[in-house]
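Enquirer: okay, structure incoming, though there's no sequence with it:
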């Protein structure tokens, strides 16, 4: 099995190293990852930009490509250029911090994984919840086990698996939950203007957030993760809210243009 | 009515100027837009980056802020910093080229509009379809009319309106359609490695694309736009595919960890 591994925390992040160490046990791994951290890049791709690439020995048996681009650029280049369309599985992460609910559209970890949908390649996005410390060993094992399981499922090209692991000792993890949208993260940003000769803004409070409209049961991804469950959500590239069609249709008929 | 206007083609793009000229007729407009083109930035936001801002006179009555950041950064700064949370309506665009189906997650025009959902601000994303030429005058009128209509609807904080206008003379436009996901754009990229002392990739074929799994009726956004309809889609920040829950649930029960 030829496995492409991508992340958004950068090729030097510990999460991708832990993931590669586990995935090496089940396949031939190639790494394509941003040269530096690209958290928050979402599904962003570089248009009209030169993408610099440095090939490196990621570890003894794994070739790595450090890309000056977004996570999705890394996935595109990994599939098309570095692996010449010979990819059986795409795994992204392990992200430092969860990727849930309204964070999914702005998550580079999820964005890179969704590139698999364009090419019909099974893809899994792996994240470890926020915490004071990050030990990726257990979530990396989960990543390997999920990969072995998912690759055998007949529906594995229909959606991306978005997997979030609690930041807890393994004996405290309660199992898996299939979860939906669980509320909204709202970030508290420091948007005070600063001046060093020119005006700028620099947010120093990015880790502060609260939840709005949280689903208070295990069907919501935020609640389930925070209650000790590994959350698994099928993700597609469809953001249309079909439940809103009737009221929109009824009203747009009044609209004159 | 205090209106924030954001785009992803950059503050100098003609689409945003046409839009502002129309929206000035119905409210007090402030512009917050990227200094340079940020197409493809999606919902990306800048983390741990300094955001430079230059205040400028956008036109006689409109203040503009040119931001060295993503469209979503522009929307966040516009709402919080430049307009001090006094925003009644957020309109993004007019984008040069459509934003449909699987392009929505990687569209800066849509990403910036979705910032409105975080703050409970009604938001509309406006795009003009790809074409040999771009005359934004009619789509700008559509933007103003839709804004006047949408702001009066009781459900206007529940979802973003994603509006795409055909690139046709106004007499050839057939009306409005509420549309869902209409297939997948697949871009044909030139991913040949190049060398100038260091390796790089530079895509020179970004405008070449084909459609995969296209919905061949007017309920699909791609088909409807290409058949002369203005497409209107309600967008939420939920990418979970609920229809896939049963088969995933049935199968994950077999999965041992």
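Expert: Good, I have the coordinates. Values in this document were obtained by computation on a predicted structure and should not be read as measured data.
Enquirer: contacts, neighbours, all on C-alpha from now
Expert: Noted.
Enquirer: show me what the strand or helix carrying residue A:110 is packed up against.
Expert: For residue A:110, the enclosing helix or strand under DSSP states H and E is helix A:108-119. Here helix A:108-119 touches helix A:71-77, strand A:89-96, strand A:123-128, strand A:160-165, going by 3 or more Cα pairs under 8 Å, 6 or more residues apart in numbering or on different chains; DSSP states H and E.
Enquirer: one more time with 6 Å, if that's ok
Expert: helix A:71-77, strand A:89-96, strand A:123-128 (3 or more Cα pairs under 6 Å, 6 or more residues apart in numbering or on different chains; DSSP states H and E).
Enquirer: and that helix, what's buried?
Expert: Residues A:108, A:109, A:110, A:111, A:112, A:113, A:114, A:115, A:116, A:117, A:118 are the ones in helix A:108-119 that count as buried (16 or more other Cα atoms under 10 Å in any protein chain shown).
Enquirer: which positions in the stretch 101-250 of chain A make contact with chain B?
Expert: A:102, A:106, A:180, A:191, A:199-202, A:234-237, A:239-241 (Cα under 6 Å from any Cα of the partner chain).
Enquirer: buried only: go through these for me.
Expert: The neighbour-count criterion (16+ other Cα under 10 Å) marks A:102, A:106, A:180, A:191, A:200-202, A:234-237, A:239-241 among those as buried.
Enquirer: from one end of stretch A:192-204 to the other, what's the distance?
Expert: 10 Å (Cα to Cα, to the nearest Å).
Enquirer: got the contact list for residue A:92?
Expert: A:5, A:6, A:7, A:109, A:113, A:125, A:126 (Cα atoms under 6 Å, 6 or more residues apart in numbering or on different chains).
Enquirer: and those residues as TSV, adding distance to residue B:227?
Expert: Below are the contacts of residue A:92 laid out as TSV (distance: Cα to Cα, whole Å):
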residue	distance to residue B:227
A:5	40
A:6	39
A:7	40
A:109	36
A:113	32
A:125	37
A:126	40
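Enquirer: format the residues you listed as CSV; extra columns: distance to residue B:73 and pLDDT.
Expert: Below are these laid out as CSV (distance: Cα to Cα, whole Å; pLDDT from 0 to 100):
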residue, distance to residue B:73, pLDDT
A:5, 28, 98
A:6, 25, 98
A:7, 22, 97
A:109, 19, 97
A:113, 23, 98
A:125, 25, 98
A:126, 26, 98
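Enquirer: give the buried subset of these as a ChimeraX selection command.
Expert: The ChimeraX selection below is limited to those of these classed as buried (16+ other Cα under 10 Å):
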select /A:5,6,7,109,113,125,126
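Enquirer: those strands in chain A, which residues are they?
Expert: A:2-6, A:28-34, A:51-59, A:62-67, A:89-96, A:123-128, A:160-165, A:175-178, A:184-187, A:194-195, A:199-201, A:209-212, A:229-235 (DSSP state E).
Enquirer: buried deepest among the ones you listed, which one?
Expert: Neighbour counts (mean count of other Cα atoms under 10 Å in any protein chain shown) averaged over each of these peak at strand A:123-128, with a mean of 31.
Enquirer: check which helices and strands that one sits against.
Expert: strand A:89-96, helix A:108-119, strand A:160-165.
Enquirer: tell me the angle it makes with strand A:229-235.
Expert: With axes from the mean of the first three to the mean of the last three Cα atoms, to 10 degrees as the basis, strand A:123-128 and strand A:229-235 are set at 150 degrees to each other.
Enquirer: contacts only, for the residue of the stretch 101-250 of chain A found nearest chain B.
Expert: When scored by Cα to the nearest Cα, the stretch 101-250 of chain A has residue A:200 as its residue closest to chain B, at 4.2 Å. Residues counted as contacts of residue A:200 (Cα under 6 Å, 6+ apart) are A:193, A:194, B:51, B:52, B:53.
Enquirer: okay if I get the residues you listed as TSV plus distance to residue B:81 and pLDDT?
Expert: Formatted as TSV, the contacts of residue A:200 follow (distance: Cα to Cα, whole Å; pLDDT from 0 to 100):
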residue	distance to residue B:81	pLDDT
A:193	8	91
A:194	12	92
B:51	12	93
B:52	13	95
B:53	11	96
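Enquirer: let me know the closest of these to residue B:70.
Expert: Of all the contacts of residue A:200, residue B:70 sits closest to residue B:51, with 9.4 Å by Cα to Cα.
Enquirer: which residue is nearest the centroid of chain A?
Expert: Closest to where the C-alpha atoms of chain A average out (Cα atoms, centre = their mean) is residue A:109, at 2.2 Å.
Enquirer: show me the shaky parts of chain A.
Expert: For chain A, the stretches flagged by pLDDT under 70 are A:206-207, A:256-257.
Enquirer: in it, spot the helix with the most residues.
Expert: The longest helix of chain A (DSSP state H) is helix A:137-150.
Enquirer: and it, how far out from the chain middle?
Expert: 15 Å (Cα atoms, centre = their mean, to the nearest Å).
Enquirer: try stretch A:186-197
Expert: Per Cα atoms, centre = their mean, the centroid offset for stretch A:186-197 relative to its chain is 26 Å.
Enquirer: just to revisit the earlier point, hey, what's the angle from the longest helix of chain A to strand A:89-96? Just curious.
Expert: If you take the same axes, to 10 degrees, helix A:137-150 sits at 160 degrees to strand A:89-96.
Enquirer: one step back: closest to residue B:160 out of the strands of chain A?
Expert: strand A:184-187 (15.2 Å).
Enquirer: quick one, what contacts the residue nearest to the centre of chain A?
Expert: A:7, A:8, A:92, A:93, A:125.
Enquirer: dump those residues to CSV, plus distance to residue B:27.
Expert: Shown next, in CSV, are the contacts of residue A:109 (distance: Cα to Cα, whole Å):
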residue, distance to residue B:27
A:7, 43
A:8, 40
A:92, 45
A:93, 45
A:125, 43
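Enquirer: and the furthest pair within the residues you listed?
Expert: So, these by Cα to Cα: farthest apart are A:8 and A:125, at 10.7 Å.
Enquirer: residues in contact with the closest residue to residue A:147 other than its chain neighbours?
Expert: In this structure, residue A:147 finds its nearest non-sequential neighbour in residue A:124, 7.4 Å apart by Cα to Cα, 6 or more residues apart in numbering or on different chains. When contacts are counted by Cα under 6 Å, 6+ apart, residue A:124 touches A:91, A:160, A:161.
Enquirer: isn't residue A:51 up against residue B:201?
Expert: Yes. Look at residue A:51 against residue B:201 with Cα atoms under 6 Å: they come within range, at 5.0 Å.
Enquirer: what angle sits between the helix holding residue A:110 and strand A:2-6?
Expert: The directions of helix A:108-119 and strand A:2-6 differ by 140 degrees, with the same axes, to 10 degrees as the criterion.
Enquirer: from the chain's centroid, how far away is helix A:108-119?
Expert: Centroid separation between helix A:108-119 and its chain, computed with Cα atoms, centre = their mean, is 8 Å.
Enquirer: got it, and stretch A:76-91?
Expert: Relative to the centre of its chain, stretch A:76-91 is centred 17 Å away, using Cα atoms, centre = their mean.
Enquirer: now swap in stretch A:82-102 and tell me
Expert: Averaging C-alpha positions (Cα atoms, centre = their mean) puts stretch A:82-102 6 Å from its chain's average.
Enquirer: any idea how far apart the tips of it sit?
Expert: Using Cα to Cα, one end of stretch A:82-102 lies 32 Å from the other.
Enquirer: repeat for stretch A:25-44
Expert: Criterion Cα to Cα; first-to-last residue distance in stretch A:25-44 is 31 Å.
Enquirer: cool, stretch A:10-19 as well?
Expert: End-to-end distance for stretch A:10-19: 13 Å, by Cα to Cα.
Enquirer: perfect, I'm done here.
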